[in-house]
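Visitor: here's a sequence, model it:
(chains A and B)
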Amino acid sequence: MTRHSGSRGQARVVPTLHGPHEKAFSLNSDKRHNDSEHESDAPRGLTKCSTGIAGLDEITRGGFPEGRPTLLVGGPGCGKTMLAAQVLSRGALEQGEPGLFVSFEEPPEEITANFASTGFGLTEALASGRLAIRSILSAQQTDAETGEYTLDVLLARLEHWLRELGARRLVLDSIDALFSSFAEGRTLHAEIRRVFHWIRERGLTAVVTARRSGGSLSRFGLEEYASDCVLLLDHRVAQQISKRRIRILKYRGSGHGADEYPFLISSDGISVLPITSVGLNAPAPRERLSTGIRGLDRMLGGEGVYRGSAILLSGVAGTGKSTLAARFAEGICLRGMKSLYLPFEESTNQLVRNMSSVGIALDAAVAQGRLRIEPIRPSEFGLEEHLMRMELLGRHFQPDVIVLDPITSFATVGNSLEIKGMYVRLLHHIKARGITLVMPSLTLGSANDEESSTGVSSLVDVWIIIRFRRTRGLRRRELYVHKARGLEHSEQLAELTFSASGPQVRELFPSDAGGPSAEGGTHG
Amino acid sequence: MADMVTGMHGRSGERWELRLFVAGSAASGERSFENLTRICEQFLPGRFDIKVVDIDLSPEEADAFDIVAAPTVVRQKPEPVRRIIGDLSLIDEVVAGLGLPRLR
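Guide: Residues are numbered from 1 along each chain as shown, chains lettered A, B, ... in the order given. Have a look, this model is predicted:
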C-alpha cells in the first residue's frame, strides 16, 4: 500500500492495530455486503492525517485515513458540517495543507458567514488561500431522470478545483443533498460507488457528510461500506441538558477508541474529550509550589506541594477552605505564574471582597492578568460540558494552578458514579499538563472528616483536612495533612487562623492537641 | 393528425432554447442528441433550437450552468429554467421534465 504516503503535510505513520475493539465494533453487516473491490486494497500500514482536534486525533489514534474517504453521519444540527469545515481549516492553517470544501446545500457566502464567528480559523484559512469553498446547488434542482447518466462532469469539476488549489483534501457536504433529487436505482448506486472509488483512486483525504436516516446509517446504506472510516455524531437533550457524542463505527485497518465520546461545540469549534483513553503517563515534576502559607509549607516537607499534584481541602462549611485555596492562587500569581479560579457558589465580586477581608488581594492579581476568576453554575450544563469548558479555559489561559471551589457542587448535576468519572478524567487531563489542582471539598454535617463525599480522595496527591474544635468557649480551626504523596509531611495538628495579614498555620505541640482521633462530634 | 394542443395560452409560437450538455465521446452523448432531436421534432416542430455543449471541450460551461451529470438538458426558454438528466431514452420523463406541450 503506497498511497502517496507523506508526500505532503504532516501526516503521521501509525502502526496498524487489530484490537478486539475493532472487531466488536465494526459494522456487523460489513462482510455481508459486496465490498470486495475495496477489501483487496485493505491497508496494511496506513498513513493518518491529523484532524487538528486533539481529542479526535486521540480516539482515531492519529486522525483520519490519508488518501481515503471518511464518512461523518449524523442527524440535522449535530455538527457534521462544522466538524468537516474545522478539519479543513485546521489543516490549512496548522499543516499548510490546502483543502477544498464543496457544499451541495448552501452557497459559499452562507458557509463563510455561519462559521465566521467560530474560533477554528475558517476566515483565516480562506485568507491564506489554502481553503476554498465551492457550491454545487443544481443537483437538488433536477426535474427528471430520463435514462442513464454519469457523474463524470461532477468529478471533472471537482478535479479542476482541486488542481487550482493544489489540494488533496476534500469535503463533500452532504452526499444526501448531492443525490437528493436522483431516483434510487442501479444508476444512482453505481454513481455513488464511483464517487468513493474516485476519492481513493485520486488518493484524496476526503470527509463526506451524510444525514442519518431512520434505522440505517446513511440514506443509501452504501456510503458507510465505501468509506474507510465512519464516525457517528449524535445530539441528545436529557433533563434540559444538551449532550453531544461522537463514536467511531469503523476504521478500516486501524484500532480506535470504541466508546461514545462527548464533544462540545463552543466558540472554538468542536472539542472532543476522550473518556477512557487518558493514560497514566502524567509527568512527575520535582518542582515545588508554595501554598502561600509558610506554616503549611513546613507541614508539607518545607517547600509546599509538587507542581502538577492534586490537592483536596476538605472541611465543613466555614472552615476556610476557600481562603486557603485563594491564598495559594494569589501566592502563585505573586511569583509570576498564573492561576485560574473557578468558583461554583460565589460571584467574582463576592470572592474578591471576601478574600480581601483576610488580606488576600485577588483583585491585584486579576489586574495583572495573572489570575482569572470564572464563576460557573454547576446546574447550567451537564458534567461533560463542564469538563470540556474547563479544558478550554485551561487551554486558553494556560494556568499553573486551577482552583475548583468547591468540587462537591457537582453533586447536583450527576450521580456519584458520573461525578467520580468526571473527576478521574479531569484530574488526568490537568495533571498531564503539569497543572496543579486545588479542590476545596465540603464535608456535610457531622460525617467523618476522613470520608470524602466525592470519592476523589484516592485520586488526590495531597489531602488537607480542616475542622472546628471548641475549647474554653472558643471555636478554633484545626488543620492536619491527612495524606501527601511523596512528601515528608507533618503528622501534627496545626491551628489555622485568619487575620488581615492573611491566613496562618501554626503547628500545635502534640501535648497541646491530642491525636486526631481523640475527639469526635466537635464540628461547628 | 399531429394536432398541436398547446393549452399554453398563446405561447404556441414561442421558440424553445435547449442546451444539451454531453461529456466528450461517451456513447450516451450521441444517443441523447438523437433522442432529443426526435422528441423536439415531434413536440415542437419548427420552433426549437438545441445547442450541444461538450463539457470536455468547454469545461467552463459546466461551472456556468452548474452541471453535475452528463447528459443534462437545460431548458433556457421559455422560462422557467428546467433541467433533466439522463440519455433521454424515457420519453415520458423527458416530456414531463422539460414541460413539453402535450400532443393529443
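Visitor: what stretches of the chain score poorly on pLDDT?
Guide: Just so you know, I chose chain A. A:1-45, A:214-215, A:238-242, A:274-283, A:412-418, A:421, A:445-455, A:509-524 (pLDDT under 70).
Visitor: please refer instead to chain B.
Guide: For chain B, residues meeting the criterion pLDDT under 70 lie at B:1-12, B:104.
Visitor: just give me the longest helix of it.
Guide: In chain B, assigned by DSSP state H, the helix with the most residues is helix B:27-43.
Visitor: centre of the chain versus that helix, how much separation?
Guide: The chain centre lies 8 Å from the centre of helix B:27-43; the measure is Cα atoms, centre = their mean, to the nearest Å.
Visitor: who does that helix touch, helix- and strand-wise?
Guide: Applying 3 or more Cβ pairs under 8 Å, 6 or more residues apart in numbering or on different chains; DSSP states H and E, we find helix B:27-43 packed against strand B:16-22, strand B:48-54, helix B:91-98. Every C-beta, even on glycine, is put in place using the N, C-alpha and C of the backbone.
Visitor: which one of these is the most hemmed in?
Guide: Mean neighbour count (mean count of other Cβ atoms under 10 Å in any protein chain shown) peaks for strand B:16-22 among those, with a mean of 20.
Visitor: now do the buried residues in stretch A:134-148.
Guide: A:Arg134, A:Ser135, A:Ile136, A:Ser138, A:Ala139, A:Thr142, A:Asp143, A:Ala144, A:Glu145, A:Thr146, A:Gly147, A:Glu148 (16 or more other Cβ atoms under 10 Å in any protein chain shown).
Visitor: narrow those residues to those in strands?
Guide: A:Arg134, A:Ser135, A:Ala144, A:Glu145 (DSSP state E).
Visitor: ok, and of the buried residues of stretch A:134-148, which contact chain B?
Guide: A:Ile136, A:Ser138, A:Ala139, A:Thr142, A:Asp143, A:Ala144, A:Glu145, A:Thr146, A:Gly147, A:Glu148 (Cβ under 8 Å from any Cβ of the partner chain).
Visitor: contact partners for the fourth one?
Guide: This points to A:Thr142. With contact taken as Cβ atoms under 8 Å, 6 or more residues apart in numbering or on different chains, A:Thr142 is in contact with A:Ser181, A:Phe182, B:Ala69, B:Arg83, B:Ile84, B:Ile85.
Visitor: a strand runs through the fourth one, doesn't it?
Guide: The reference is to B:Arg83. Yes - assigned with DSSP: H, G, I helix; E, B strand; the rest coil, B:Arg83 falls within a strand.
Visitor: and the residue of chain B nearest chain A?
Guide: Closest residue of chain B to chain A, Cβ to the nearest Cβ: B:Gly97 (2.5 Å).
Visitor: quick check: that residue touching B:Ile84?
Guide: Yes - B:Gly97 is in contact with B:Ile84 according to Cβ atoms under 8 Å; the separation is 3.7 Å.
Visitor: touching both of those two, which residues are there?
Guide: Common contacts of B:Gly97 and B:Ile84 (Cβ under 8 Å, 6+ apart): A:Asp143, A:Ala144, A:Glu145, A:Thr146.
Visitor: spatially nearest residue to residue 68, not counting backbone neighbours?
Guide: All of this is about chain A. A:Asp228 (4.1 Å; Cβ to Cβ, 6 or more residues apart in numbering or on different chains).
Visitor: ah, I was thinking of chain B
Guide: Per Cβ to Cβ, 6+ apart, closest to B:Val68 is A:Leu154, 4.0 Å.
Visitor: check the gap between that neighbour and A:Trp161 for me.
Guide: Distance check for A:Leu154 against A:Trp161: by Cβ to Cβ, to the nearest Å, it reads 11 Å.
Visitor: who's more crowded, these two?
Guide: A:Leu154 (24 against 16; other Cβ atoms under 10 Å in any protein chain shown).
Visitor: pull the contacting residues for the more buried one.
Guide: With Cβ under 8 Å, 6+ apart, A:Leu154 has these contacts: A:Ile136, A:Ala139, A:Leu178, A:Val195, B:Val68, B:Ala69.
Visitor: any chance of those residues in CSV, plus distance to B:Gln42?
Guide: What follows is the contacts of A:Leu154, written out as CSV (distance: Cβ to Cβ, whole Å):
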residue, distance to B:Gln42
A:Ile136, 33
A:Ala139, 29
A:Leu178, 33
A:Val195, 36
B:Val68, 28
B:Ala69, 24
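Visitor: quick check, nearest of those residues to B:Ser28?
Guide: B:Ala69 (10.3 Å; Cβ to Cβ).
Visitor: A:Ser309: how many residues sit nearby?
Guide: Neighbours around A:Ser309, by other Cβ under 10 Å: 25.
Visitor: can you tell me the closest non-neighbouring residue to it?
Guide: Ranked by Cβ to Cβ, 6+ apart and with sequence neighbours excluded, the top spatial neighbour of A:Ser309 is A:Asp461, at 3.8 Å.
Visitor: returning to what we had before: which two among the ones next to chain B among the buried residues of stretch A:134-148 are spaced furthest apart?
Guide: Spatial extent of those (Cβ to Cβ) is set by the pair A:Ile136 and A:Gly147 at 21.7 Å.
Visitor: re earlier: any chance of the helices and strands packed on helix B:27-43 in a markdown table, plus distance to A:Ser267?
Guide: As requested, the helices and strands packed on helix B:27-43 are exported to a markdown table (distance: least, Cβ to Cβ, whole Å):
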| stretch | distance to A:Ser267 |
| --- | --- |
| strand B:16-22 | 44 |
| strand B:48-54 | 46 |
| helix B:91-98 | 46 |
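Visitor: burial of B:Pro78, as a residue count?
Guide: 14.
Visitor: repeat for B:Leu44
Guide: 19.
Visitor: from A:Tyr251, how far out is it?
Guide: Applying Cβ to Cβ, the value for B:Leu44 to A:Tyr251 is 55 Å.
Visitor: ok, now A:Ala167?
Guide: From A:Ala167 to A:Tyr251 the distance is 23 Å (Cβ to Cβ).
Visitor: who's more crowded, these two?
Guide: More neighbours surround A:Tyr251 than the other of A:Ala167 and A:Tyr251, with 27 against 22 (other Cβ under 10 Å).
Visitor: the more buried one is in contact with A:Gly62, isn't it?
Guide: No - using Cβ under 8 Å, A:Tyr251 is not in contact with A:Gly62, being 10.1 Å away.
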